[in-house]
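Chemist: let me see the structure of the following:
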Amino acid sequence: MSGPVIVGVDGSATSMAAVEAAAHEAGRLGVELRLAHAFEWPAAHVPPGVPPWDPAVAGTSGSANRALVEAERRAHGAAPGLRVTHTVLMGEPTSVLETESRGASLTVVGSRPAGRSGGARRGSVAARLAAGGGPPVLMVRGGPAPDGPVVLACDDGRAGRRAAEFAFAEAAARGTDLVVLTAGGTRNGQPREGAGDTVSELRGKYPDVSVRRPRIRGGARRAVIAASTYAQLVVIGTHGRGRLLPAALPTRVSRAALRHAGCSVAVIPAEETNP
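Modeler: All right, here's what the predicted structure looks like:
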């Protein structure tokens, strides 16, 4: 991929953490980082005589500029020499970010810690973006273990090719192991045919990645959340393109990862299929 990494910026601490993670990803991929700030104005809050699409006249551009300046400083601190651009968008944040992300290599969003207001909403933002069939979406959360593995969560015994390859590539780039958790699709402790075939094929393409496939005990959701406490990244996939939530995520396992994982979560849209 040669498109930029897009990251949503709203000035919050969580979005700044997302900016730093996005800068690392853009530097690793060798692409530019684009900072995207969205304005969403209810008509009743627009000053008289000011078009709702003109933040400069309405006197609200200052907060956006401050957020973008701080975000650019954080980005350069995380990845010196990185090319950073920015854009200010008008409209509902998730919708405009989805549009802006077309052609991107990766879209990055922040999250809130589990248990705080808005945490589930941020998880659904990542899911909505992925449901559009665009680039992979990285939701930055928690404190990843620097030496931990990448975890690939395979719902219903299936490992989507795009999600599995993303997980292998991340493990290779980070120089770490790949842990494959197959939820609801094991037989005698081993992955069923769908997940096993995909992983076996990709092991040949990434021979330096060590793969571990532990037996799941105590339920799939609990296993994925537990694994996220010692992982650098959890990778999940979607079933199909363009479906409305909650069907865009395979099962409760994926939704649990977005809401409660102890590390960042990458949501990888499924390959486009013909009806």
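
Chemist: mind checking how far Arg128 is from Ala257?
Modeler: Arg128 sits 16 Å away from Ala257, going by CB to CB, to the nearest Å. Heads up, the C-betas are built off the backbone N, CA and C, glycines and all.

Chemist: which of these two has more residues huddled nearby?
Modeler: Ala257 (29 against 18; other CB atoms under 10 Å).

Chemist: list the contacts for the more buried one?
Modeler: 153, 224-225, 228, 234, 236, 265 (CB atoms under 8 Å, 6 or more residues apart in numbering).

Chemist: go through those and flag which are in strands.
Modeler: Of those, the ones assigned to strands by DSSP state E are 153, 234, 236, 265.

Chemist: what does stretch 22-30 rub up against?
Modeler: Residues contacting stretch 22-30 (CB under 8 Å, 6+ apart): 1, 4-7, 32-33, 74-76, 78-79, 82, 84, 105-106, 108, 138, 140, 173.

Chemist: now list the buried members of these.
Modeler: The neighbour count (16 or more other CB atoms under 10 Å) marks 4-7, 32-33, 74-75, 78-79, 82, 84, 105-106, 108, 138, 140 as buried among the contacts of stretch 22-30.

Chemist: which ones among these lie within strands?
Modeler: Going by DSSP E, the strands hold 5-7, 33, 84, 106, 108, 138, 140 from the buried ones among the contacts of stretch 22-30.

Chemist: from the residues you listed, pick the one nearest Asp177.
Modeler: Leu138 (19.6 Å; CB to CB).

Chemist: quickly list what that closest one is bridged to.
Modeler: Val108, Ala266 (DSSP bridges).

Chemist: and the gap between it and Ala64?
Modeler: Where Ala64 is concerned, Leu138 sits at a distance of 23 Å (CB to CB).
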